[in-house]
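Trainee: Take this sequence and fold it.
(one chain, ligands or ions: 4)
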Amino acid sequence: AKALGKNQYHFFSDEMNNSVQNHFELENRLRRAIADNELQLYYQPKIDIVNGDTVGFEALLRWHNAEHGDISPSIFIPIAEKSGLIVSIGEWVIDQACKQAKQWLDAGFPAHISVNLSARQFLHTGKPNKLFELIESSLNRYQLPAEYLEVEITENLMMHHLNESFAILEKLKNIGVKIFIDDFGTGYSSLSYIKKFPIHALKIDKSFIDDLVNDENDAAIVTAIIAMAKQLKLEVVVEGVETEEQLAFFRDNDYAVTVQGYYFCAPLPAKEIRYIYQ
Ligand code: C2E
Ligand code: CA
Ligand code: CA
Ligand code: CA
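Mentor: Ligands and ions are numbered 1, 2, ... in the order given. Reported below is the predicted structural model:
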């Protein structure tokens, strides 16, 4: 048992060293990723299932490093958030999304683009409105009407940073930037913020959709969210729809939702989106 314990110790110790080293290695690479042109935005369509129209796109970060290959956002976003790099990366994302929306608009393809925002982006000490100014200046830089930019934030962000975020979100709403609640249902359960905040839509998290067809509880939760949203005059976006059966749940129940998922389209580089809609 002693020998086993020792081996286990070595095993875990090496694993931990590797993952700590790997973390710092990735963090250092990420620090240079913008300058080295390694980041790219992909765009995933959101489709209105009532009329089949593409009503917008979500911008999703992709990172390709020559040595490490493609690194998943689920790996590098947490590193970016912990290190604070998400502030400059997030700034780049907002800028690129505005630039892209303007290009599409000028090409006769008016497309709303939503960007994901992390809590860190709301929390510049001493400069609580930096995020608002940054968004406003990107809109101005490209002469993009504000309605074409949307932001996705999580429930947790609002619950934890109520004061910082409220003022910024109010100002964004006032200039015409729509606010989406991301991963809805997975965060803290207090719903009071829904009526306090200037929210446009709820995005039902993929975890409720995965087993929707077989799991009565998931179906009940999704139905309840849609009913609540309707009463509150909020739109609903459904994340992670992959199959015909999942889509049928919404069509058969006459739920007027917007759907985002591999069933319709995976996230794609902008030039491939152009190709689809040309
Ligand atoms: P999210 O905001 O919940 O984004 C939806 C995720 O689900 C994306 O993963 C998307 O590619 C994926 N997805 C969409 N439809 C399907 C489907 O039908 N099946 C499956 N299996 N997956 C689907 P992705 O691109 O890997 O991003 C993961 C997370 O990373 C995002 O989750 C978001 O929280 C974060 N993220 C991505 N880009 C950014 C960014 O620019 N800024 C910040 N702060 N976070 C970002
Ligand atoms: Ca999102
Ligand atoms: Ca998210
Ligand atoms: Ca999600």
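Trainee: what's the lengthiest strand in the chain in contact with?
Mentor: Criterion DSSP state E: the longest strand present in the chain is strand 54-65. When contacts are defined by Cβ atoms under 8 Å, 6 or more residues apart in numbering, strand 54-65 is touched by residues 29-30, 33, 38-48, 70-71, 73, 76-77, 89, 93, 96-97, 100, 111-116, 150, 152, 258, 260, 267, 273, 277. For the C-beta atoms, the positions are set from N, CA and C on the backbone; glycine is no exception.
Trainee: Can you report how many residues neighbour the residue of the stretch 51-200 of the chain found nearest ligand 4?
Mentor: Nearest to ligand 4, among the residues of the stretch 51-200 of the chain, is residue 183, at 4.3 Å (Cβ to the ion). The local packing count at residue 183 equals 20, with neighbours defined by other Cβ atoms under 10 Å.
Trainee: which stretches of the stretch 51-200 of the chain have low pLDDT?
Mentor: Scanning the stretch 51-200 of the chain with the threshold set as pLDDT under 70 gives 124-129, 188-190.
Trainee: What segments of it are strands?
Mentor: Listed from the start of the chain, the stretch 51-200 of the chain has strands (DSSP state E, counting those that start in this stretch) covering 54-65, 69-71, 113-116, 149-154, 178-184.
Trainee: okay, the angle between the one helix or strand residue 227 maps to and strand 178-184?
Mentor: Per DSSP states H and E, residue 227 falls inside helix 216-231. Using axes from the mean of the first three to the mean of the last three Cα atoms, to 10 degrees, the interaxial angle of helix 216-231 with respect to strand 178-184 works out to 160 degrees.
Trainee: list the buried ones in helix 216-231?
Mentor: Buried positions in helix 216-231, judged by neighbour count with 16 or more other Cβ atoms under 10 Å: 218-219, 222, 225-226, 229.
Trainee: what's it packed up against?
Mentor: Helix 216-231 sits against strand 201-204, helix 206-209, strand 235-239, with contacts defined as 3 or more Cβ pairs under 8 Å, 6 or more residues apart in numbering; DSSP states H and E.
Trainee: Also compute the angle for that helix relative to strand 235-239, please.
Mentor: Angle between the axes of helix 216-231 and strand 235-239 is 150 degrees (criterion: the same axes, to 10 degrees).
Trainee: nearest residue to the most centrally placed residue in the chain other than its sequence neighbours?
Mentor: With the centre of the chain defined as its mean C-alpha position, the nearest residue by Cα atoms, centre = their mean is residue 116, 3.7 Å away. Nearest residue to residue 116 in three dimensions, chain neighbours excluded: residue 152, at 4.9 Å (Cβ to Cβ, 6 or more residues apart in numbering).
Trainee: what's near enough to touch the one you found?
Mentor: When contacts are counted by Cβ under 8 Å, 6+ apart, residue 152 touches 58, 114-117, 180-182, 203.
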